[in-house]
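>>> The sequence and its predicted three-dimensional model are supplied below.
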Amino acid sequence: MITTITLNPALDKLMQIDALNIGETNRTEILSESAAGKGIDVAKVIRDFNREVNATGFLGGIVAPIFKQCFQDEKINDHFINIKGTTRTNIQLFDTKGKRTELLEKGPEIETNELTELLHKVEELAKKSTVVAICGSAPRGVDEDYFTKLIQLCKNYCDKVIVDTSGSLLKVAIEQKPCLIKPNQDEMLELMGVKSATQDQMIEFAQEICRQGIEYVLISLGKEGAMLVSEQGAWKGKAPEVEVKSTLGCGDTVVASMCISFAEGDQPEEMLKKAIALSSANAMTFETAHVIESDYKSLLPRCHVEKIK
């Protein structure tokens, strides 16, 4: 069983606009509206491959029924904690040139009893899980101490814990030593405290993190692919050329792939190859965090991974 945790889900609205004019009335066309959040998107992709998946986190307000319907339609096991606050709405604005502008709400304030209830739920689910993925940002009320407790709780019952977050929470995650973290290139540079770095410098820094007790550091490189680093070595894979329709959800697709690979016991080279193929398949569709299996299977032989250290 795989479990995903989304502390700060969001109703994602994708809108198209001719041009964004600040200070004026702007009329948009809604392209799509979907229940989202990093862990939820991970769960959607896992279900694309007919894997059973639990999803939990905080959920409340007038948008909650949309999420409940999504979980029912996608056959995701819903274990979300109902809260008094309202789950946020995020808006993605696309102009006619394809340029994207994001408007992201902070999220609701989580009350003390709701925080406690989630810890009890996570303990229950982690005991039955082979992989747990903690994904995304945190709403108000979830501080670094709580995030520490959450990771520790997952590790107490599950050997394979993945954390995909950023900023101060990523630093907390490194201290708690999950099985895998997934910074992108910018987040990696932020961790290093530099504005630029060579590939070798990033690998050395990632291996230093691994020597502290983290099994893998997966560094996403956008259209250049990704690197998977462990204490024993480093692997790099480049994404095949595809007709990109949307890059939304590609990072979450990578996490979903790693969850499945951990569950199946794949070796590093195969793990990275599958992750890149799945992410590329996601980019070929406008639908966020969904892949067409035939696309994935056709891309897999075109993904080449080499050991670079």
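Noted; the coordinates are in hand. Numbering: from 1, shown residues only.

>>> Contacts for stretch 171-183 next, please.
When contacts are defined by Cβ atoms under 8 Å, 6 or more residues apart in numbering, stretch 171-183 is touched by residues 134, 144, 147-148, 151-152, 154-155, 159-166, 170, 191, 209, 212-220, 251, 254-255, 258, 262. C-beta coordinates here come from the backbone N, C-alpha and C atoms, glycine included.

>>> out of those, which are buried?
Burial by neighbour count, 16 or more other Cβ atoms under 10 Å: within the contacts of stretch 171-183 this picks out 134, 147, 151, 154-155, 160-166, 170, 191, 209, 214-220, 251, 254-255, 258, 262.

>>> follow-up on the earlier one: show only the entries of the contacts of stretch 171-183 found in strands.
134, 160, 161, 162, 163, 164, 216, 217, 218, 219, 220 (DSSP state E).

>>> Just list the residues touching the closest residue to residue 19 other than its chain neighbours, thanks.
Nearest-residue entry for residue 19: residue 95, 5.6 Å, with adjacent residues in sequence omitted and distances by Cβ to Cβ, 6 or more residues apart in numbering. Counting by Cβ under 8 Å, 6+ apart, residue 95 touches 16, 17, 18, 19, 20, 101.

>>> With distance to residue 284 and neighbour count as new columns, can these be given to me in TSV?
Putting those into TSV (distance: Cβ to Cβ, whole Å; neighbours: other Cβ atoms under 10 Å) gives the following:
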residue	distance to residue 284	neighbour count
16	20	13
17	24	15
18	26	12
19	27	10
20	27	12
101	23	12
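
>>> the helices in the stretch 51-200 of the chain, which residues?
For the stretch 51-200 of the chain, applying DSSP state H, counting those that start in this stretch gives helices covering 64-74, 112-126, 144-157, 167-176, 185-192, 199-211.

>>> do you know which of these lies nearest residue 284?
Closest of the helices of the stretch 51-200 of the chain to residue 284 is helix 64-74, at 19.8 Å (criterion: Cβ to Cβ).

>>> Name the surrounding residues that touch that closest one.
Contacts of helix 64-74 (Cβ under 8 Å, 6+ apart): 9, 11, 33-35, 40, 43-44, 47, 55, 59, 76-78, 80, 82, 87.

>>> Please list the members of those residues that lie in strands.
Mapping the contacts of helix 64-74 onto strands (DSSP E) picks out 11, 33, 34, 35, 55, 59, 77, 78, 82.

>>> Which one of those sits in the busiest neighbourhood?
residue 55 (30 neighbours; other Cβ atoms under 10 Å).

>>> OK, contacts around that residue?
Contacts of residue 55 (Cβ under 8 Å, 6+ apart): 3-6, 39-40, 43, 71, 76-80.

>>> That one bridge partners, please.
Note on residue 55: beta-bridge partners residue 4, residue 78, judged by DSSP bridges.

>>> And it, how far from residue 175?
Going from residue 55 to residue 175 by Cβ to Cβ, to the nearest Å gives 26 Å.

>>> and the angle for the helix or strand bottoming out on mean pLDDT in the chain with helix 64-74?
Lowest by mean pLDDT, DSSP states H and E among the helices and strands of the chain is strand 29-36, with a mean of 84. If you take axes from the mean of the first three to the mean of the last three Cα atoms, to 10 degrees, strand 29-36 sits at 80 degrees to helix 64-74.

>>> Please identify the pairing partners of strand 29-36 and their relative orientation?
As defined by DSSP bridges, the strand partners of strand 29-36 come to strand 10-16 (antiparallel).

>>> distance between the strand it pairs with and the chain's centre?
How far strand 10-16 lies from its chain's middle: 17 Å, per Cα atoms, centre = their mean, to the nearest Å.

>>> Rounded mean pLDDT for stretch 295-306, please.
Mean per-residue pLDDT for stretch 295-306: 90.

>>> Now the terminal residues of that stretch, how far apart.
With Cα to Cα, to the nearest Å as the measure, stretch 295-306 spans 22 Å from end to end.

>>> I'd like the distance between the residue nearest to residue 19 and residue 11.
22 Å.

>>> do residue 235 as well
The value you get for residue 235 to residue 11, if Cβ to Cβ is used, is 37 Å.

>>> One more: residue 242?
Distance, residue 242 to residue 11, by Cβ to Cβ: 28 Å.

>>> coming back round to it: let's have the ones in strands among the contacts of helix 64-74 in TSV, adding distance to residue 125.
Putting those into TSV (distance: Cβ to Cβ, whole Å) gives the following:
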residue	distance to residue 125
11	24
33	28
34	24
35	19
55	9
59	15
77	9
78	12
82	16
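
>>> How is this protein divided into domains?
1-161, 179-309 (automatic domain parsing).
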